[in-house]
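K.L.:
Next input, structure requested:
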Amino acid sequence: MAEIRRGGGRLAGAMTAEPHPTNLPGQLTGFVGRQAEVAEVRALLDAARMVTLIGTGGVGKTRLAMEVAATQVALRPGGVRWVELATVTDPAQVGEAVAAAVQVLVEPRQGPARSLAAQLRDRGTLICLDNCEHVLDAVAELAGALLRSCPGTAVLATSREPLAVPGEVVWRVPSLSADEAKQLFVERGRQVRHEFTLDDAGAAATSVLCSRLDGIPLAIELAASWLRTLTPQQIEQGLDDRFGLLIRSPRGVAARQQTLAASIAWSHDLLDELDRAVFRRLAVFPAGFDLDAARAVCADGAAGPGDVLGSIGRLVDKSLVVADTRGGTSRYGLLETIREYAADRLRDAGEGDRTRDRHLDHFLAVATARPVQAGGLDSWRARVEREYDNLRAALEWGLAAPDPERGRRLAAELAWLWHLNRHGREGILFLHRAIDHAPTDRGHSDRTVLQARLLTGLALVADTASPLDLEYDVAQRALELATAHGDDGLRSQCLTLSAVGLFYTDFDASWELAVEAGEAAGVAGDRLFAAAPLALRGMIRHHQDRHDEARPLLEAALVDLRDLHRGIGSTTLAYLSEGALVCGRLAAARDLAEQALDLAQPLGDFLRVGIARSALAAAHTASGNLDAAHDALRPLLALVEPATETVFVPGLTLTLAQLHVARGDLDAALRGYESGVRQASGAPTYLAARLHTGHGEALRRAGRADDARRELDRAVELARGLGMPRVLADALEQQALLRGDLDLHHESLTIRVDHGLRTSWTDALDAIAPLLPDPNAARAIAACTVARAAMGHPRTVARQRDHDELVGRLQQGLGPEFATAWAAGSTLTLDDAVAYVRRNRGANRRATAGWASLTPTELSVLQLAAAGLNNPQIGARLFISRSTVKTHLAHIYAKLGVANRTELAALSRTAV
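P.N.:
Below is the predicted model of the structure:
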């Protein structure tokens, strides 16, 4: 690790590239001097990927880094991202702060560090890490990981000491030169007194005071802020007195730090007692604050709310508080060095606990003002996200208090924020702490409404941050308490979350809970939790392929969810998109998926954004727009491809694998499916059923028939057990392709027709055609080709290859008749073509009697009948009508030579 001191250098050439993304903070004052330093640090960044600017507080590290970073914006393909670490008090939050500033999606299971490394790998981004010294080890670990994993990434850091990262170049920030120091004093003086100029005496005094201040920019700015009421000579004399006191202070501090401390102390000593009180109390804000917060926290005794407002203005004038009035709102803050000084004064005054209590009370009130019913969560979320550092500090203080009640209440309120933003994993930890801090009465657990709210909050956050982990069990614990207290509003939330917990594995049980949740919400007058279970019911009907019922449920829920909850609203749109996709409305599917993404994007939530992007990619894949599908998934690919088993977004693995299949990349598809199947190997979920089906298709196409057969058998079992007709039809079609079984093809087609799954009718026509007599096959594939064009659903690479081979065979076999058959087929509508194929299914290759003569559907009917199910129950299980069950039983009796169910059951036992 090399340390480089101030040297020469010249500015690089003019920047000609268009600006790239950046979040560099705008500056309220001009940059004075330091052109040689800017040039030298730029040159270092050209040669090294890690440059750390070090120096004492107030020497200008941050401002110099900003000026250098501004020169890099057009030179870095991935732009320049500024990360303010002064407000990060927990080293574990460093990665989250960087991810938020860089605007990458954080996959909850991988965490921020791995998510950053995966997504920044090819970007070429300059990351600026400001104020690293208090979280040095965590920053060093993260920076080292990014430098190792992301060859195009560079890091510019500011710190009071080096990070000790391999390859780090350390550059010590010097003081201003004498001329630069004087220029800074004059320019800042003109900001407080426009007509300010230096006469000879003033110039002499300025030179002396700048020298006494060691050319430290912050110290000079503090001194200049008094020019409205003092002359340079008076300022110089006041500082001289303060330095006289410093000489008698302990000598364990470096000279520059003593200089800065003296200048801050001098400015502080000139304040009246009211302003000193307000100043020290502002130290409890780890980040910025607005006037309402300042009044609430700083007003006490002699300092009333009105006094605080005037005091803030005077502190701004003295450069002890920084004001930012851009964007039509006023926000204030203390530079970190000054905040540290204020914190020392707060401790000396013995006011720390009382001030932090008021800080907690204020932000508890901020978090409690959640307008769920009065216009949605967006405005509330925007405000509390802006105050998140303050809220975190208040929460830490509240939970650590002897009586943690207020901290627990704040955690309960913040559950909604954690549910909606990228801090969900942190929220789960806070909620566990709050639940564990429950008071006990003679050994009995806490059964208060607050404990119920905390448990509900934990389930709520788990819904997005940790699905499948603990949602149902926690929601049930909360439900028991909410029911005991007769709280219908809380009951509706608990019932909804319980329903979501069962949604992956048991549609019927989830439906019943969702209905009950909606009823409880109606009693409580809760619009959000009336709409949310309504949407869930629509999603259940979607998976059951009852799309005529699913669509109106989802659309009705969406009316309120668009305004009340972006996350659920976005997922609802994604389901509407998939419903349109499977029912043949591909253009509508794309439009709905784009709406879902627009709604989810502001949340920055991996789960919601991932679901929306998956829906959009699926719509593009089905439409043959494979590049667009890949672009839709691009922000997620870096996280998925290296370690798919750690990523959870419902449908993402399947969508990506289907895209690989559509492109003809079976190896990539198989890797994705194998990873997804491993991840879904536990409970029998709807996701597992879909993955086994897709995996079976990929294995079949790869020539691995035995493996494909095993996967498809599992898919059929899951699809029948869960009640998923579309998945069952897809799996049966793949089994039929493995066996060359026309009856299985028709069983699959019948399910698709009965449930209106029009998009897959074309796949069925392509799959059945090779088994038909040649003229019928030609008509079928001609009709299929026309239908695909009209629908906007082209064949995948593999299907097109199969199609071309079949057309070649038919042309050779039929000769001139092929054109006639093709022309006849081209006039058929999709409905007519399907009806034609079902009427002309060709010869049955099965035996005419005995067990070998039974079709797969007949075998399924036999097994269920032998198990004691009646005709309606068998029909519901197999997605066929009662009359069809009756027909199948008649065929079974005839083929096996039995007369009734009793004989059938006995014969079945004998066969087993």
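
K.L.:
Show me what stretch 420-427 is in contact with.
P.N.:
93, 96, 99-100, 105-106, 108, 111, 377, 381, 385, 388, 414-415, 417-419, 461, 464-466, 566-567, 603-606 (CB atoms under 8 Å, 6 or more residues apart in numbering). Heads up, the C-betas are built off the backbone N, CA and C, glycines and all.

K.L.:
What subset of those is buried?
P.N.:
Among these, those scoring as buried are 93, 96, 99-100, 105-106, 108, 111, 377, 381, 385, 388, 414-415, 417-419, 461, 464-466, 566-567, 603-606 (criterion: 16 or more other CB atoms under 10 Å).

K.L.:
Take the residues you listed and keep only those in helices.
P.N.:
96, 99-100, 111, 381, 385, 388, 414-415, 417-419, 461, 464-465, 566-567, 606 (DSSP state H).

K.L.:
Tell me where this protein has strands.
P.N.:
Along the chain, the segments classed as strands by DSSP state E run 2-4, 50-54, 80-84, 126-130, 154-159, 169-172, 322-324, 331-333.

K.L.:
mind putting the ones you listed in TSV, distance to residue 436 included?
P.N.:
Formatted as TSV, the strands of the chain follow (distance: least, CB to CB, whole Å):
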stretch	distance to residue 436
strand 2-4	47
strand 50-54	40
strand 80-84	32
strand 126-130	34
strand 154-159	36
strand 169-172	43
strand 322-324	39
strand 331-333	34
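
K.L.:
Including distance to residue 29, mean pLDDT and mean neighbour count, could those strands go into JSON lines?
P.N.:
Below are the strands of the chain laid out as JSON lines (distance: least, CB to CB, whole Å; pLDDT from 0 to 100; neighbours: other CB atoms under 10 Å):
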{"stretch": "strand 2-4", "distance to residue 29": "28", "mean pLDDT": "36", "mean neighbour count": "12"}
{"stretch": "strand 50-54", "distance to residue 29": "19", "mean pLDDT": "92", "mean neighbour count": "24"}
{"stretch": "strand 80-84", "distance to residue 29": "17", "mean pLDDT": "91", "mean neighbour count": "22"}
{"stretch": "strand 126-130", "distance to residue 29": "17", "mean pLDDT": "93", "mean neighbour count": "25"}
{"stretch": "strand 154-159", "distance to residue 29": "18", "mean pLDDT": "92", "mean neighbour count": "25"}
{"stretch": "strand 169-172", "distance to residue 29": "23", "mean pLDDT": "90", "mean neighbour count": "20"}
{"stretch": "strand 322-324", "distance to residue 29": "10", "mean pLDDT": "82", "mean neighbour count": "15"}
{"stretch": "strand 331-333", "distance to residue 29": "15", "mean pLDDT": "89", "mean neighbour count": "19"}
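
K.L.:
closest to residue 882 out of the ones you listed?
P.N.:
strand 80-84 (63.1 Å; CB to CB).

K.L.:
Just give me how far the closest one sits from the chain centre.
P.N.:
With CA atoms, centre = their mean, to the nearest Å as the basis, strand 80-84 stands 20 Å off its chain's centre.

K.L.:
Stretch 285-299 too?
P.N.:
Centroid separation between stretch 285-299 and its chain, computed with CA atoms, centre = their mean, is 30 Å.

K.L.:
Give me the buried positions along that stretch.
P.N.:
Applying 16+ other CB under 10 Å to stretch 285-299 flags 285-289, 293-299 as buried.

K.L.:
can you check stretch 771-788 too?
P.N.:
Buried residues in stretch 771-788, counted by 16+ other CB under 10 Å: 771-772, 774-788.

K.L.:
picking that back up, which stretch among the strands of the chain comes nearest residue 190?
P.N.:
Closest to residue 190 of the strands of the chain is strand 322-324 (CB to CB; 17.6 Å).

K.L.:
number of nearby residues for residue 280?
P.N.:
By other CB atoms under 10 Å, 23 other residues sit near residue 280.

K.L.:
ok, it to residue 288 distance?
P.N.:
According to CB to CB, to the nearest Å, residue 280 and residue 288 sit 17 Å apart.

K.L.:
Same check on residue 181?
P.N.:
Distance, residue 181 to residue 288, using CB to CB: 29 Å.

K.L.:
Which stretches in the stretch 751-900 of the chain count as helices?
P.N.:
In the stretch 751-900 of the chain, the segments counted as helices under DSSP state H, counting those that start in this stretch are 759-768, 774-791, 797-814, 817-826, 830-839, 856-866, 871-878, 882-896.

K.L.:
Pick the most buried one from those helices.
P.N.:
Of all the helices of the stretch 751-900 of the chain, helix 759-768 has the most neighbours on average by mean count of other CB atoms under 10 Å, namely a mean of 24.

K.L.:
which residues are in contact with that helix?
P.N.:
Helix 759-768 is contacted from outside by 581-584, 586, 622, 726, 729-730, 733, 736-737, 742, 745-746, 748-749, 752-753, 780-781, 783-784, 787-788, 791, 793, 795, 799, 802-803, 830, 833-834, 837, 841, using CB under 8 Å, 6+ apart.

K.L.:
so that helix versus helix 774-791, what angle?
P.N.:
150 degrees (axes from the mean of the first three to the mean of the last three CA atoms, to 10 degrees).

K.L.:
from memory residue 307 sits against residue 295, does it?
P.N.:
No - counting by CB atoms under 8 Å, residue 307 sits too far from residue 295 to count as a contact (9.3 Å).

K.L.:
neighbours around residue 723, how many?
P.N.:
Neighbour number of residue 723 under other CB under 10 Å is 20.

K.L.:
How about residue 21?
P.N.:
Residues near residue 21, counting by other CB under 10 Å: 14.

K.L.:
Check residue 764 and give its pLDDT.
P.N.:
Note on residue 764: pLDDT of 95.

K.L.:
That concludes my questions; thank you for your assistance.
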